[in-house]
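Engineer: here you go, sequence then predicted model.
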Amino acid sequence: MIPEHLVCSRRAFLRALGVSVAASALSGCATTPARNVLFIAIDDMNDWTGDLGGHPQARTPHIDALGRRGVLFTNAHSPATSCGAARAAILTGIRPYTSGIYANRDPLRRALPDAVTLPQHFMQHRYHSAGAGKIFHGSDPGSWTEFYPSKRKSNRPPDPDPGVELPMNGIHWKGALDWGPIAVEDAEMSDGQVATWVARWLHRSPAAPFFLACGIRRPHDPFFVPKRYFDLFPLDEIQLPAVYDDDLDDVPDAGRKMVDAERHRTILRHGQWRNAVQGYLASIAFADEQIGTVIRALDESGRDADTIVVLWTDHGFHLGEKSHWRKDTLWEEATRVPFIVVAPGVTRPGSRCARPVNLIDLYPTLIELCDLAPRNETAGVSLVPLLHDPDAAWDRPSITTNGRGNNAARDQHWRYIRYANGTDELYDHRTDPFERANLADHPEYAHEVARLAEWLPDESVRPTYRRTRKSTRGDGVRGRFDK
């Protein structure tokens, strides 16, 4: 099998030959590009959107409308299921098992001091790089021409000012998973401030080509948003995810160790499951409204015809499925993400792509769309062929990592998980969308196991990039819901 970092599209290969001398002479600066990029990142949002159908009560009219402008990828997955590892991989194009960044406690620049991030690459090609909100897990000042609120303070607090009274309705268990309506307006929330700043920036209609990033923190917990969003989801009408008591019986010990079963038991014991789901749905609706503010500003600015819009979330989120809460697993709930690309002149409105893709592919996709020089160290492959034709042939599974040695491969129909100790899981999504029946030990599926296992990394090989700290972290539901 050809390593990922050696695979590129024919167009990118030919372009690389043509620009190699010029790129060397200009230290990576190519000729003035023709397209802008609006790069929208959302934190901890799973597939609970209207068009993805992860939850029947989800309200995301602005995200759904954006998806209908271009290509909605319905089988997209994150390269990792923790915020820091996922964002580092997406923004550098370097996978966790190459960089050694497996967890939030693994700082990007300690592991990858010389990596050229996606906004940096655009800056090297004469783009104005601006951003606001949570893009990196932390700050990376060298990636921006300007940043709100500052280059060294990228992550604004997720809650309103300290003077606002918080309801504290949730279960305070290992990380303040909390929720409740608060008496503030959208503009008082940090996400509202980020959306307003991005909207005003777009109205300035900058002359230079731009890479503009907008980081929305909700629905990351705690689920505190203005009351009007909670009112959209009456508590007595909340539908809970389908959860099965025997769901973990055929899961290896390595998989069960990733489950925060005690948190689930605590939430059930205090009768807070519906409240938590309500808070998450309300937070998604709030995030969607902020995205609507940004897209309206793009349209009003007149730059929509020459601006590529990308929307993604860093990973999924469990809300009780498999007795787990939050992220950090290798099942569908934690890996599947909303992913939309609108590229004027390339994508056709209303397109849907069911091919298995990964957010590690964002870096090579955007630089090909904007005709920038490729980078050899990026692991993903350009999705431009799928943007032209969502049904184009695609034989690559999507790979997700959660801690050293734990990886999942998701293709059109199958999910295969292999843990660091060699135990594994296999699920057939055609008949088992909830991933209830582990088929890995069934002899009749040995060929599927072998086929997907070939795509997983050999982590006995020393990482390409230096690691400074050993990390051992790793330690939507579609279909039926119950009232």
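Structural biologist: On my side now, so go ahead. Numbers count the residues shown, from 1 in each chain.
Engineer: R218 contacts S190, doesn't it?
Structural biologist: No. Counting by Cβ atoms under 8 Å, R218 does not reach S190; the two are 9.1 Å apart. Placement of C-beta: from N, CA and C, glycine included.
Engineer: the two: who's more crowded?
Structural biologist: R218 (29 against 21; other Cβ atoms under 10 Å).
Engineer: give the contact list for the more buried one.
Structural biologist: Taking Cβ atoms under 8 Å, 6 or more residues apart in numbering, we find R218 in contact with 42-43, 158, 189, 191, 225, 283-284, 286-287, 290.
Engineer: neighbour-wise, which of the residues you listed leads?
Structural biologist: Within those, neighbour counts (other Cβ under 10 Å) peak at D191, which reaches 31 neighbours.
Engineer: can you tell me the element that one falls in?
Structural biologist: According to DSSP states H and E, D191 maps onto helix 190-203.
Engineer: and the contacts of R218, which of them are in strands?
Structural biologist: 42, 225 (DSSP state E).
Engineer: surely T329 is within a helix?
Structural biologist: No. In this structure, T329 is coil, not part of a helix, as judged by DSSP: H, G, I helix; E, B strand; the rest coil.
Engineer: so what's the residue count around it?
Structural biologist: T329 has 27 neighbours, counted by other Cβ under 10 Å.
Engineer: let me know the pLDDT of the residue nearest to it when sequence neighbours are not counted.
Structural biologist: Leaving aside its chain neighbours, T329 sits nearest to M258 (4.8 Å; criterion: Cβ to Cβ, 6 or more residues apart in numbering). For M258, the pLDDT comes out at 96.
Engineer: give the helix, strand or coil label for M258.
Structural biologist: Assigned by three-state DSSP, the conformation of M258 is coil.
Engineer: ok, it touching D328?
Structural biologist: Yes. M258 is in contact with D328 according to Cβ under 8 Å; the separation is 6.0 Å.
Engineer: next, the contact list for the spatially most central residue of the chain, please.
Structural biologist: Against the mean C-alpha coordinate of the chain, by Cα atoms, centre = their mean, the closest residue is D314 at 2.4 Å. Under the criterion of Cβ under 8 Å, 6+ apart, the neighbours of D314 are 41-44, 78, 83, 86-87, 90, 337, 359.
Engineer: make it 10 Å
Structural biologist: D314 is in contact with 41-45, 78-87, 89-90, 134-135, 137, 215, 220, 327, 337, 359, counting by Cβ atoms under 10 Å, 6 or more residues apart in numbering.
Engineer: show me where pLDDT drops low in the stretch 151-300 of the chain?
Structural biologist: Along the stretch 151-300 of the chain, the model assigns pLDDT under 70 to residues 154-176, 205.
Engineer: could you point out which element follows the longest helix along the chain?
Structural biologist: When the chain is parsed with DSSP state H, its longest helix is helix 273-301. As assigned by DSSP H and E, the chain's next helix or strand after helix 273-301 is strand 307-313.
Engineer: just the angle between that following strand and helix 273-301, please?
Structural biologist: Strand 307-313 runs at 170 degrees relative to helix 273-301, counting by axes from the mean of the first three to the mean of the last three Cα atoms, to 10 degrees.
Engineer: the helix or strand that strand 307-313 is followed by - what's its average pLDDT?
Structural biologist: As assigned by DSSP H and E, the chain's next helix or strand after strand 307-313 is strand 318-319. Averaging pLDDT along strand 318-319 gives 96.
Engineer: list the neighbouring strands of strand 318-319 plus their orientation.
Structural biologist: Partner strands and pairing direction for strand 318-319 (DSSP bridges) are strand 325-326 (antiparallel).
Engineer: name the residues that touch the partner strand?
Structural biologist: Applying Cβ under 10 Å, 6+ apart, the contact partners of strand 325-326 are 44, 81-82, 171, 173-175, 177, 220-221, 259-264, 266-267, 273, 276, 315-319, 334.
Engineer: surely G131 meets K153?
Structural biologist: No. G131 is beyond contact range of K153, at 11.9 Å (criterion: Cβ atoms under 10 Å).
Engineer: shared neighbours, these two?
Structural biologist: Common contacts of G131 and K153 (Cβ under 10 Å, 6+ apart): F147.
Engineer: looking at these two, which is more packed in?
Structural biologist: Taking other Cβ under 10 Å, G131 and K153 do not tie; G131 has more neighbours (28 against 11).
Engineer: can you name the residues that contact the more buried one?
Structural biologist: 39, 41, 119, 140, 143-148, 151, 154, 194, 197-198, 201, 211-215.
Engineer: same thing but at 8 Å, please
Structural biologist: Contacts for G131 (Cβ under 8 Å, 6+ apart) come out as 39, 119, 143-144, 146-148, 154, 212-215.
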